[in-house]
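# need a 3D model of the following:
(one chain, ligands or ions: 1)
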Amino acid sequence: MYKFDYKPDRVNEKCRKWDLNIIRDKFGDVSENFIPMWIADMDFKIPTEVEEKFMDAIKRGVFGYTYCYDEFYDAVINWQKDMHNVDVKKEEITLTYGTVSTLHYTVQAFCKEGDSIILNTPVYDPFESCAKKQGVNVISNTLDVIDNRYYINFETLETQIKEHKPKLMMFCTPHNPSGRIWSVEEMSKVARICKDNGVALIADEVHAEHIHYGEFNSILKIEDELLENVILLTSPNKGFNLGGLKTSYSIVRNKELRTIFKNKLQQNSITSPNVFGIIGLITSYNECRDWLKGVNEYIKGNYELLEAWVNKYKNLSMMQMESSYLAWVNISELGMTAKELTDRLAVESGVLLEDGSHFVNDGDDYIRVNLGTQRENVIEALNRMDKFMINFNK
Ligand SMILES: Cc1ncc(COP(=O)(O)O)c(C=O)c1O
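Numbers count the residues shown, from 1 in each chain. Next up is the predicted model:
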């Protein structure tokens with residue numbers, strides 16, 4: 001048995017992914033033997049090294065206010081250098097309370113009501129809600145699909161930016177929901193269009209740690225001149241499944257941009273870290289690289305099972321999951337919407353998948369499958385989905 005086969009008690013943990021009431025609210029009358037493959041949360045126990053550091057803190061027994069001590073900055077600098085081959089300076093790093101809430105603060109820092117932001121769609125839905133919740137308009141730049149892979153249409157992007165004059169572009173790299181890894185050249189083109197038109201580029205790299213095909217390129221690899229216009233947001237939350245600790249950070253090279261951004265954080269008292277969040281980040285970055293390698297191999301094994309399953313059905317196809325643990329499956333030939341499919345699968349098979357229409361725009365033909373779970377769950381879900389497909393194709 002591989003250590004990732006171990007199933008932690010996620011029901012008593014009270015995580016959203018496994019909570020029957022939350023699930024029934026979202027998916028309807030689901031039976032109790034459901035298999036949740038929806039929200040981006042992995043079912044693997046944290047690395048032993050992180051567990052031990054948490055236990056040490058618990059044994060100390062005091063949880064007073066802490067601060068961003070040097071080990072936090074060193075861990076980020078070393079991680080970015082060793083894993084992504086980029087140089088980051090201490091003063092460029094700022095603690096934040098989760099990448100999603102930081103998207104909201106970024107909009108608050110750089111936009112006022114009635115302004116616009118732009119994003120490539122489909123995309124992770126908080127990219128849209130962070131703007132809409134503050135009265136900021138959202139311009140959708142549709143990704144082109146060529147041979148089952150997403151591409152940015154730079155001409156349309158430039159035209160839309162010139163026409164709508166957004167203040168920010170929210171850029172998901174690697175891309176959720178497809179896992180697409182962007183090349184340095186593609187990112188430079190995006191950054192150039194943004195810079196020439198006075199649009200700050202917000203790059204969300206939280207999915208950078210699960211790489212399966214190809215190599216991840218950090219946004220920090222684009223030309224220095226273009227980097228002046230970039231705010232990078234990331235966290236170990238996807239890589240090591242620490243999302244509930246609500247700890248993340250930003251990297252901003254340009255001092256002026258950084259000051260505006262930091263002022264907004266300070267205005268909201270985003271200053272000292274969560275005691276466990278900072279320990280989790282430091283330990284996972286410094287000591288858990290083998291764990292990450294192992295989990296990535298495991299996820300890739302799950303992906304290969306799904307890929308073989310999809311290939312059995314001529315009315316299904318999928319994008320190659322270059323990164324993340326979220327597979328993007330095209331169901332447009334099935335003759336039902338993604339919503340109908342995910343609702344029926346949930347109630348008839350107990351398999352809970354994410355309906356692609358949640359990903360702002362342009363996701364209606366897709367479902368997203370979370371493969372960050374034990375192999376046993378993947379095999380059982382695929383068996384149940386086989387039964388569903390056989391009945392469906394009759
Ligand atoms: C693109 C993207 N950004 C951010 C997050 C959440 O990050 P955090 O836990 O740091 O808020 C997710 C989670 O699914 C995500 O897919």
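# flag every residue of the stretch 51-200 of the chain that's near the ligand.
98-100, 124, 172, 176 (CB under 6 Å from any ligand atom). (Each C-beta comes from the backbone N, C-alpha and C, glycine too.)
# make that the stretch 201-350 of the chain, sorry
Going by CB under 6 Å from any ligand atom, the residues of the stretch 201-350 of the chain near the ligand are 204, 206, 235, 237, 243, 248.
# rewinding a little: kindly reformat the residues of the stretch 51-200 of the chain next to the ligand as TSV containing secondary structure.
Below are these laid out as TSV (DSSP: H, G, I helix; E, B strand; the rest coil):
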residue	secondary structure
98	coil
99	helix
100	helix
124	coil
172	strand
176	coil
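# for PyMOL, write the select line for the buried members of these.
In PyMOL, this line selects whichever of those come out buried by 16 or more other CB atoms under 10 Å:
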select buried, resi 98+99+100+124+172+176
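# dump the residues of the stretch 51-200 of the chain next to the ligand to CSV, plus pLDDT and distance to residue 184.
Listed next are those as CSV, based on pLDDT from 0 to 100; distance: CB to CB, whole Å:
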residue, pLDDT, distance to residue 184
98, 97, 27
99, 97, 22
100, 97, 26
124, 97, 22
172, 98, 16
176, 98, 20
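# residue 141: which of the residues of the stretch 51-200 of the chain next to the ligand is nearest?
Of all those, residue 141 sits closest to residue 172, with 11.9 Å by CB to CB.
# contacting residues around the closest one?
By CB atoms under 8 Å, 6 or more residues apart in numbering, the contact list for residue 172 reads 119-120, 123-124, 127, 204, 207.
# distance of it relative to residue 64?
Noted for residue 172: a distance of 36 Å to residue 64, by CB to CB, to the nearest Å.
# distance from the chain centre to the worst-scoring helix or strand of the chain on mean pLDDT, please.
Least confident helix or strand of the chain, by mean pLDDT, DSSP states H and E, is helix 375-393 with a mean of 93. Distance, stretch centre to chain centre, for helix 375-393: 26 Å (CA atoms, centre = their mean, to the nearest Å).
# contact partners of stretch 307-324?
Outside stretch 307-324, the residues within contact range by CB under 8 Å, 6+ apart are 40, 148-150, 174, 176, 178-181, 207-208, 210-214, 216, 238, 303, 306, 327-331, 333-335, 371, 382, 385-386, 389, 393.
# as PDB, could you dump the C-alpha coordinates of stretch 4-18?
Output of stretch 4-18 as PDB, limited to C-alpha atoms (Å, rounded to 0.1, in the frame of the first residue of the first chain):
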ATOM      1  CA  PHE A   4      -1.400   8.100  -0.300                       C
ATOM      2  CA  ASP A   5      -3.800   5.200  -0.300                       C
ATOM      3  CA  TYR A   6      -4.500   5.900   3.400                       C
ATOM      4  CA  LYS A   7      -7.900   7.500   3.900                       C
ATOM      5  CA  PRO A   8      -8.000  10.100   6.700                       C
ATOM      6  CA  ASP A   9     -11.200  10.800   8.600                       C
ATOM      7  CA  ARG A  10     -12.500  13.600   6.500                       C
ATOM      8  CA  VAL A  11     -16.100  13.500   7.800                       C
ATOM      9  CA  ASN A  12     -15.100  14.300  11.400                       C
ATOM     10  CA  GLU A  13     -12.700  16.900  10.100                       C
ATOM     11  CA  LYS A  14     -15.800  18.700   8.900                       C
ATOM     12  CA  CYS A  15     -14.400  19.600   5.500                       C
ATOM     13  CA  ARG A  16     -16.800  21.000   2.900                       C
ATOM     14  CA  LYS A  17     -15.900  18.400   0.400                       C
ATOM     15  CA  TRP A  18     -17.200  15.500   2.500                       C
END
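# buried stuff in it?
Buried-residue list, stretch 4-18, by 16+ other CB under 10 Å: 4, 15, 17-18.
# for residue 327, what are its contacts?
Applying CB under 8 Å, 6+ apart, the residues near residue 327 are 179, 303, 306, 318-319, 321, 368-369, 371.
# show only the entries of the residues you listed found in strands.
The members of these that map onto strands under DSSP state E are 318, 368-369.
# grab the nearest non-local neighbour of residue 361.
Sequence neighbours aside, residue 121 is the residue nearest to residue 361 in space, at 4.1 Å (criterion: CB to CB, 6 or more residues apart in numbering).
# distance of that neighbour relative to residue 233?
Going from residue 121 to residue 233 by CB to CB gives 19 Å.
# the more surrounded of those two?
Remark: of residue 121 and residue 233, residue 233 carries more neighbours, 24 against 18, as counted by other CB atoms under 10 Å.
# what strands line up against the helix or strand where the more buried one lies, and which way round?
Taking DSSP states H and E as the criterion, residue 233 maps to strand 230-234. Strands that pair with strand 230-234, judged by DSSP bridges, come out as strand 200-204 (parallel), strand 248-252 (antiparallel).
# how far does the first one sit from the chain's center?
Counting by CA atoms, centre = their mean, strand 200-204 is centred 14 Å from the centre of its parent chain.
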